[in-house]
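Chemist: Here is a sequence with its predicted model. Questions after.
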Amino acid sequence: MKRVAVLIQPLLALVAAFVLTTLALLSTGVSPLEAYRLIIFGAFSTPVRLSDMIMLAAPLLLCAVGLSITFTGGLYNLGVEGQMIIGAIAAMVPLRLWPDWPPLLLWLMAALSGAVGGALWALLIGVLRRYAGVSEIFAGLGMNFLAGGLALYMVLGPWRRQTSASLSGTDLLPRELWLPTIDRLRLAPAAPVIAVLALAIVWWALTQTRWGLEVRAVGLNPAASERLGIATARRMAETLAACGALAGIAGMLQVVAVHHALIPNISSGIGLLGLLVALLSRADPRWLLPIVVAFAAFTVGSIQLPLTLGIDSAIAGVLQGALVLFALATRARQ
């Protein structure tokens, strides 16, 4: 019975969130059915918009998958946004230092650099938690601001445009370093493939390995796990590093597949959106992909609302905020 409740509660939160969003739409005099029709039309009506949705879903899924690891281990890694930014910065290093090297080699180096950068940034949260007694929640939030400031410094300082420094970002990477896309679309097939592969690997690691069993045990009761001989501190550090690495790869994809440069807002709020996905899914990998697709579709589709109905696309934020509210409510009642 408890298992059934765990599976049903995210659906109940989703339904309740749509009800609240519908009421918000009604208060503006807009037909909710028309608004939802436009959202679906905007996200799926053309190949270009569909490709945009997939390219948003790929890094979002990577962040959500990473967060499912830390949530399972009992850690609330709110620093995922900063880890994504640091991953993007780290990925830029080999791309800028050796632009003449073979693209495939540089993409692999960028992915490795992004993963290492994100992992190390996440481990700093663990260091602050263990040795300074700082909650990972506050440490993560603070390090998000620090990472954002570092990205801005790199854009306006060492990596500024050759003509003049600009908030629009660094100079574009050479075209041969852009991840290949489908003709006339902005869809780089490698991005969703990497994200889905990460989801499969993490699901296997958490459910089919001794390591995953120990991570779940640590998340449920760290003290008891320690008495049973599980290296609690090590497992917590590993979950943070794994999450940071996946967020760093998401940042790398933003560089080589989306923006083709480093921009101050390289994360585009994707890390924070990943927190909502992980929360709504209750860190269950089975729910991550459908929730990510729904969030990405709603975000891309809502862009059409100001043009057609004259309402702000921020209605997507209403739905996402409502999802968090009701997800927390269902968790509290468990």
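Modeler: Thanks, I have the structure now.
Chemist: avg pLDDT for stretch 110-125?
Modeler: On average, the pLDDT along stretch 110-125 is 98.
Chemist: what do you get for stretch 61-75?
Modeler: pLDDT averaged over stretch 61-75 gives 96.
Chemist: Report the distance from that stretch to the chain centre.
Modeler: 10 Å (Cα atoms, centre = their mean, to the nearest Å).
Chemist: counting contacts, what elements does the longest helix along the chain pack onto?
Modeler: Longest helix in the chain, counting residues (DSSP state H): helix 103-131. The contact analysis (3 or more Cβ pairs under 8 Å, 6 or more residues apart in numbering; DSSP states H and E) places helix 103-131 against helix 80-97, helix 136-156, helix 232-253. To be clear about C-beta, it is placed using only N, CA and C from the backbone, and glycine gets the same treatment.
Chemist: Out of those, flag the one nearest residue 271.
Modeler: helix 80-97 (3.2 Å; Cβ to Cβ).
Chemist: In terms of secondary structure, what does the closest one contact?
Modeler: Using 3+ Cβ pairs under 8 Å, 6+ apart: helix 80-97 touches helix 47-72, helix 103-131, helix 136-156, helix 232-253, helix 270-281.
Chemist: highest average neighbour count across these?
Modeler: helix 232-253 (a mean of 27; mean count of other Cβ atoms under 10 Å).
Chemist: Which strands or helices does that one pack on?
Modeler: Checking 3+ Cβ pairs under 8 Å, 6+ apart, helix 232-253 ends up next to helix 47-72, helix 80-97, helix 103-131, helix 190-208, helix 210-220, helix 222-227, helix 270-281.
Chemist: 6 Å instead?
Modeler: Packing contacts for helix 232-253, counted by 3 or more Cβ pairs under 6 Å, 6 or more residues apart in numbering; DSSP states H and E, involve helix 47-72, helix 80-97, helix 103-131, helix 210-220, helix 222-227.
Chemist: want to throw these into a markdown table with distance to residue 259?
Modeler: Formatted as a markdown table, the helices and strands packed on helix 232-253 follow (distance: least, Cβ to Cβ, whole Å):
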| stretch | distance to residue 259 |
| --- | --- |
| helix 47-72 | 11 |
| helix 80-97 | 9 |
| helix 103-131 | 13 |
| helix 210-220 | 34 |
| helix 222-227 | 40 |
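Chemist: The ones you listed: which one's closest to residue 237?
Modeler: helix 103-131 (4.9 Å).
Chemist: Tell me the gap between that closest one and the middle of its chain.
Modeler: 15 Å.
Chemist: rewinding a little: give me the angle between the longest helix of the chain and helix 136-156.
Modeler: 140 degrees (axes from the mean of the first three to the mean of the last three Cα atoms, to 10 degrees).
Chemist: now helix 103-131 and helix 47-72, what's the angle there?
Modeler: With the same axes, to 10 degrees applied, the angle from helix 103-131 to helix 47-72 works out at 30 degrees.
Chemist: Stretch 250-265 spans what distance, first to last residue?
Modeler: 14 Å (Cα to Cα, to the nearest Å).
Chemist: circling back to that earlier point, nearest approach to residue 304 belongs to which of the helices and strands packed on helix 232-253?
Modeler: The closest of the helices and strands packed on helix 232-253 to residue 304 is helix 47-72. By Cβ to Cβ, the value is 8.7 Å.
Chemist: re earlier: need the helices and strands packed on helix 80-97 in CSV with distance to residue 329, can you?
Modeler: Shown next, in CSV, are these (distance: least, Cβ to Cβ, whole Å):
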stretch, distance to residue 329
helix 47-72, 18
helix 103-131, 27
helix 136-156, 20
helix 232-253, 25
helix 270-281, 12
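Chemist: isn't residue 299 right next to residue 316, touching?
Modeler: Yes: when contacts are counted by Cβ atoms under 6 Å, residue 299 is listed as touching residue 316 (5.2 Å).
Chemist: Give me the most central residue, this protein.
Modeler: In the chain, the centroid-proximal residue (Cα atoms, centre = their mean) is residue 63; its distance is 3.1 Å.
Chemist: Quick check, pLDDT for the nearest residue to residue 212 once chain neighbours are set aside.
Modeler: Nearest residue to residue 212, sequence neighbours excluded (Cβ to Cβ, 6 or more residues apart in numbering): residue 206, at 3.9 Å. Residue 206 carries a pLDDT value of 95.
Chemist: Where in this structure is the helix or strand with the lowest mean pLDDT?
Modeler: helix 315-333 (a mean of 72; mean pLDDT, DSSP states H and E).
Chemist: Give me the angle between that helix and helix 270-281.
Modeler: Going by the same axes, to 10 degrees, helix 315-333 makes 40 degrees with helix 270-281.
Chemist: Out of the helices and strands packed on helix 103-131, flag the one nearest residue 26.
Modeler: It's helix 80-97; of the helices and strands packed on helix 103-131, that one is closest to residue 26 (Cβ to Cβ) at 32.9 Å.
Chemist: contacting residues for the nearest residue to the residue nearest to the centre of the chain once chain neighbours are set aside?
Modeler: Distance criterion Cβ to Cβ, 6+ apart; nearest residue to residue 63, sequence neighbours excluded, is residue 274 at 3.1 Å. Residue 274 sits next to 60, 63-64, 67, 80 when contact means Cβ atoms under 6 Å, 6 or more residues apart in numbering.
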